[in-house]
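Participant: give me coordinates for this.
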Amino acid sequence: MPDGPKVDTPSAAESEVAADARELTRHRVVEAAADLLAREGRDAVTTRAVAAAAGVQAPAIYRLFGDKDGLLEAVAEHGYDAFLAAKHVDAHSRHPVEDLRAGWDLAVEFGLTNPELYALMYGEPKRGTTSAAFHAGMQILVGRIRRLAAGGWLRVDEKLAAALIHATARGAVLTWLSLPDDQRDPALLTAMRESMVAAVTHEKPAVQDAGPAGAARTLRALLPEQTTLSSAEQHLLGEWLDRLASDG
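Facilitator: Residues are numbered from 1 along each chain as shown. Down below sits the predicted model:
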């Protein structure tokens, strides 16, 4: 029997080149959309305008992102990446409360410097929940909180502390952006930051006061994941520490 028509299939090298070209186009489109967002606001980010700014045909945007919502998600992810790159991590900070203040100030400064992008990133409750960069940033926050707990500074449970810190920074920026220019008083930001610090931390390490709740939180933070305790013993100790910590 005669052979059928020969079908050319792309080589691995050709497929890699095509994938690289696709990624470069995607990056160019996202940057064009982010630039339009920053200069002209969210309403200006239309598929036609973005396509023109990126030098591509409008159908390419639908192939790359599905629809406009997919494009906005990609722009938000671009923002999380930029915010993560701006964060400074000092794993050996000798002043964990000041480190907390600095991290909060950085988050607020990013929002005030990039108002349209920040509103896109944090203006919707579910935005960012699947972003790797968002979760990496939250892990930096968790590390700061763990150092507070290990030093006896933490007043509340670590999860509650993370929620309070994130909520106050987010609320401060979105509130500031909602105000008319003549009503934007920097004292608002300072007051919100210090309220957060007072709610989350002690003025002095709690363990110096021999308080059981503070001591329990400190031990919880310092206790290594791998110990000589059995799984059942670790579970039981965790329950005791949680109960003592909540009594505070």
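
Participant: so what touches the host helix or strand of Glu73?
Facilitator: Secondary structure assigned from DSSP states H and E places Glu73 in helix 68-86. Helix 68-86 has contacts (C-beta atoms under 8 Å, 6 or more residues apart in numbering) with 26, 29-31, 33-34, 37, 45-47, 50, 61, 65, 106-107, 110, 114, 117-118, 120-121, 127-128, 131, 133-134, 136-137, 140. Every residue, glycine included, has its C-beta placed from N, CA and C.

Participant: return the set of buried residues in it.
Facilitator: 71-81, 83-84 (16 or more other C-beta atoms under 10 Å).

Participant: now do stretch 233-245
Facilitator: Leu241, Leu244, Ala245.

Participant: for stretch 117-135, same thing?
Facilitator: Leu117, Tyr118, Ala119, Leu120, Met121, Tyr122, Arg127, Gly128, Ser131, Ala133, Phe134.

Participant: show me what contacts the fifth one?
Facilitator: Which is Met121. Contacts of Met121 (C-beta under 8 Å, 6+ apart): Ala76, Gly79, Tyr80, Phe83, Arg127, Gly128.

Participant: which one of those sits closest to Met196?
Facilitator: Nearest to Met196 among the contacts of Met121 is Phe83, at 18.5 Å by C-beta to C-beta.

Participant: how much space between the closest one and Leu100?
Facilitator: 17 Å (C-beta to C-beta, to the nearest Å).

Participant: and for Thr46?
Facilitator: If you go by C-beta to C-beta, the gap between Thr46 and Leu100 works out to 41 Å.

Participant: including distance to Ile165, secondary structure and pLDDT, could the buried residues of stretch 117-135 go into TSV?
Facilitator: Below are the buried residues of stretch 117-135 laid out as TSV (distance: C-beta to C-beta, whole Å; DSSP: H, G, I helix; E, B strand; the rest coil; pLDDT from 0 to 100):
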residue	distance to Ile165	secondary structure	pLDDT
Leu117	21	helix	94
Tyr118	16	helix	94
Ala119	20	helix	93
Leu120	21	helix	92
Met121	17	helix	91
Tyr122	14	helix	89
Arg127	18	coil	79
Gly128	16	coil	74
Ser131	18	coil	83
Ala133	18	helix	89
Phe134	15	helix	89
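
Participant: so Arg94 is in which element?
Facilitator: Going by DSSP H and E, Arg94 is not in any helix or strand.

Participant: returning to that earlier point: so can I have CSV of the buried residues of helix 68-86 showing distance to Ser178?
Facilitator: Below are these laid out as CSV (distance: C-beta to C-beta, whole Å):
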residue, distance to Ser178
Leu71, 25
Leu72, 20
Glu73, 23
Ala74, 26
Val75, 21
Ala76, 19
Glu77, 24
His78, 24
Gly79, 19
Tyr80, 22
Asp81, 26
Phe83, 20
Leu84, 25
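
Participant: can I see the domain layout of the chain?
Facilitator: According to automatic domain parsing, the chain comprises the domains 19-66, 81-203, 210-248.
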